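K.L.:
I would like the atomic coordinates for the input below:
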Amino acid sequence: MLLVGDIGGTKTHLALFDPEVGLHDPQIDETFPSAAYPSLEAVVQDFLARRSLSVECAAFGIAGPVVAGRAAVTNLPWMVDAAHLQQTLGFASVKVLNDLSAIAYSVPYLEPADLCTLNAGEAVRGGTIAVIAPGTGLGEGFITWNGDQHVPQDSEGGHTDFGPTTQLEIALLQYLRRRFGRVSYERICAGIGMPNIYAFLRDTGREEEPAWLAEQLAAAQDHTPVIATAGLDQSRPCPICRRTLEIFVSILGAEAGNLALKVMSIGGVYIGGGIPPRILPVLLDGRFMKAFLNKGRLSRVLAPMPIHVILNRNAALLGLAHYGHEA
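P.N.:
Below is the predicted model of the structure:
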């Protein structure tokens with residue numbers, strides 16, 4: 001059996017694959033609250049202690065930069081070390097890579113049902129592919145073709161400086177600078193960022209906060225799903241939440257366009273992470289594509305690029321399974 005894990009600041013998703021059965025769907029998988037454990041080793045030991053299975057190899061995708069098999073999880077106080085994991089868990093091999101590289105590894109193996117297309121475009125065979133994924137944080141990466149296979153490349157582009165494109169976004173930047181000093185795209189286009197947009201609209205008087213919503217937010221540990229759900233609820237419209245989602249999607253579209261230009265992703269753009277499948281109606285209403293293409297003379301370069309939302313919530317596990325099996 002092959003053990004894989006998608007390690008994020010909010011949750012740790014572990015799964016077991018049997019290569020003889022196939023690598024598209026796990027045989028067993030389970031999700032754990034990351035903050036409830038002192039280390040990745042502790043999560044894995046808990047997962048395996050309740051199962052009598054022989055595991056020889058493991059591959060983990062980490063939400064943070066990976067250097068020489070070691071990584072500090074960006075939004076979690078864990079240090080992950082492949083050599084230490086291998087020794088502690090007694091596996092024959094342990095591989096550690098960036099979580100966006102894990103999603104990138106899945107791209108060649110995704111099926112039509114795993115995707116929702118925002119722009120059909122026309123992919124250039126062998127062209128670079130961009131991957132952007134808003135989850136707890138904002139992950140970015142890309143895939144190159146070496147003549148024989150696709151090779152994922154790491155990036156920490158989600159932590160680059162936020163560049164506003166409208167007067168409203170300039171005001172948002174100024175508001176967030178007073179709170180945080182430096183403002184990255186992750187402060188806005190991620191699970192940790194959506195409440196920042198909401199607070200900006202509320203605190204600057206641009207939108208009113210309903211009393212019922214204030215009560216829900218006060219009772220919730222994570223404000224993002226509350227805001228997203230209210231913003232999509234047509235039976236009880238919530239203008240402040242809807243506008244939060246619209247700003248979120250516009251800025252995500254602009255940054256996806258930035259990434260596409262930087263790596264010349266003529267092979268396509270894939271949007272991963274846990275948030276996009278949950279806010280598909282806003283992604284599909286045209287504002288994402290408008291912001292993506294708003295690049296002046298270079299809009300014509302972006303227009304033919306296919307853009308897909310990854311609906312498969314196990315995409316990172318799928319990529320890790322193939323990476324672990326091939327490695």
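K.L.:
Show me the beta-bridge partners of residue 307.
P.N.:
Bridge pairing for residue 307 (DSSP bridges) gives the partners residue 119, residue 269.
K.L.:
Residue 11 now?
P.N.:
Beta-bridge partners, per DSSP bridges, of residue 11: residue 33.
K.L.:
gap between it and residue 243?
P.N.:
Taking CB to CB, to the nearest Å as the measure, residue 11 falls 28 Å from residue 243. (Glycine included, C-beta is placed from N, CA and C.)
K.L.:
what ranges do the strands span in the chain?
P.N.:
2-7, 11-17, 28-33, 57-62, 66-67, 70-72, 79-81, 93-98, 115-119, 129-134, 138-145, 150-153, 268-271, 307-310 (DSSP state E).
K.L.:
Identify whichever of these lies nearest to residue 202.
P.N.:
Residue 202 lies closest to strand 129-134 among the strands of the chain, at 21.2 Å (CB to CB).
K.L.:
so for that closest one, what's the average pLDDT?
P.N.:
Strand 129-134 shows a mean pLDDT of 96.
K.L.:
Now do the buried residues in it.
P.N.:
Neighbour counts over strand 129-134 (16 or more other CB atoms under 10 Å) mark 129-134 as buried.
K.L.:
cool, stretch 111-123 as well?
P.N.:
Applying a neighbour-count criterion of 16+ other CB under 10 Å, the buried positions in stretch 111-123 are 114-116, 118-119, 121, 123.
K.L.:
Measure how far it is from the centre of its chain, please.
P.N.:
18 Å (CA atoms, centre = their mean, to the nearest Å).
K.L.:
Can you give the contact residues for it?
P.N.:
If you take CB atoms under 8 Å, 6 or more residues apart in numbering as the criterion, stretch 111-123 is touched by 24, 266-268, 271, 277, 280, 283-284, 288-289, 292, 303-312, 315.
K.L.:
What's the PyMOL line that selects buried ones from these?
P.N.:
Selecting only the buried members of the contacts of stretch 111-123 in PyMOL, with burial defined as 16+ other CB under 10 Å, works like this:
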select buried, resi 24+266+267+268+271+277+283+288+289+292+305+306+307+308+309+310+312+315
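K.L.:
which of the buried residues of strand 129-134 sit farthest apart?
P.N.:
So, the buried residues of strand 129-134 by CB to CB: farthest apart are 129 and 134, at 17.5 Å.
K.L.:
pretty sure residue 155 contacts residue 100?
P.N.:
Yes. Using CB atoms under 8 Å, residue 155 makes contact with residue 100 at a distance of 6.8 Å.
K.L.:
Which parts of this structure are helices?
P.N.:
40-49, 82-89, 99-106, 167-180, 194-203, 211-219, 223-232, 239-263, 280-283, 287-293, 299-302, 315-326 (DSSP state H).
K.L.:
residues in contact with the residue lying farthest from the centre of the chain?
P.N.:
Distance to the chain centre peaks in the chain at residue 52, reaching 32.3 Å (criterion: CA atoms, centre = their mean). Contact criterion CB under 8 Å, 6+ apart gives no residues in contact with residue 52.
K.L.:
For it, give its distance to residue 258.
P.N.:
Look at residue 52 and residue 258: by CB to CB, they are 49 Å apart.
K.L.:
related to what we said a few turns ago, now render the buried residues of stretch 111-123 as TSV, adding distance to residue 77 and pLDDT.
P.N.:
Shown next, in TSV, are the buried residues of stretch 111-123 (distance: CB to CB, whole Å; pLDDT from 0 to 100):
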residue	distance to residue 77	pLDDT
114	33	95
115	35	97
116	35	98
118	36	98
119	39	98
121	41	95
123	40	95
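K.L.:
List just the nearest of these to residue 235.
P.N.:
Among the buried residues of stretch 111-123, residue 116 lies closest to residue 235 (CB to CB), at 23.6 Å.
K.L.:
and that closest one, how far is that from residue 284?
P.N.:
Separation of residue 116 from residue 284 (CB to CB): 8 Å.
K.L.:
what does residue 6 give?
P.N.:
For residue 6, the distance to residue 284 - CB to CB - is 26 Å.
K.L.:
Kindly report the same for residue 210.
P.N.:
For residue 210, the distance to residue 284 equals 26 Å [CB to CB].
K.L.:
now residue 308
P.N.:
Going from residue 308 to residue 284 by CB to CB gives 12 Å.
K.L.:
residue contacts, the residue lying closest to residue 73 once chain neighbours are set aside?
P.N.:
Leaving aside its sequence neighbours, residue 73 sits nearest to residue 64 (CB to CB, 6 or more residues apart in numbering; 5.0 Å). Neighbouring residues of residue 64 by CB under 8 Å, 6+ apart: 71-74, 98-99.
K.L.:
any idea how far residue 64 lies from residue 129?
P.N.:
Distance from residue 64 to residue 129, counting by CB to CB: 22 Å.
K.L.:
what's the answer for residue 184, then?
P.N.:
Note on residue 184: its distance to residue 129, by CB to CB, is 23 Å.
K.L.:
How about the contacts made by residue 324?
P.N.:
By CB under 8 Å, 6+ apart, residue 324 lies in contact with 2, 4, 17, 57-59, 95.
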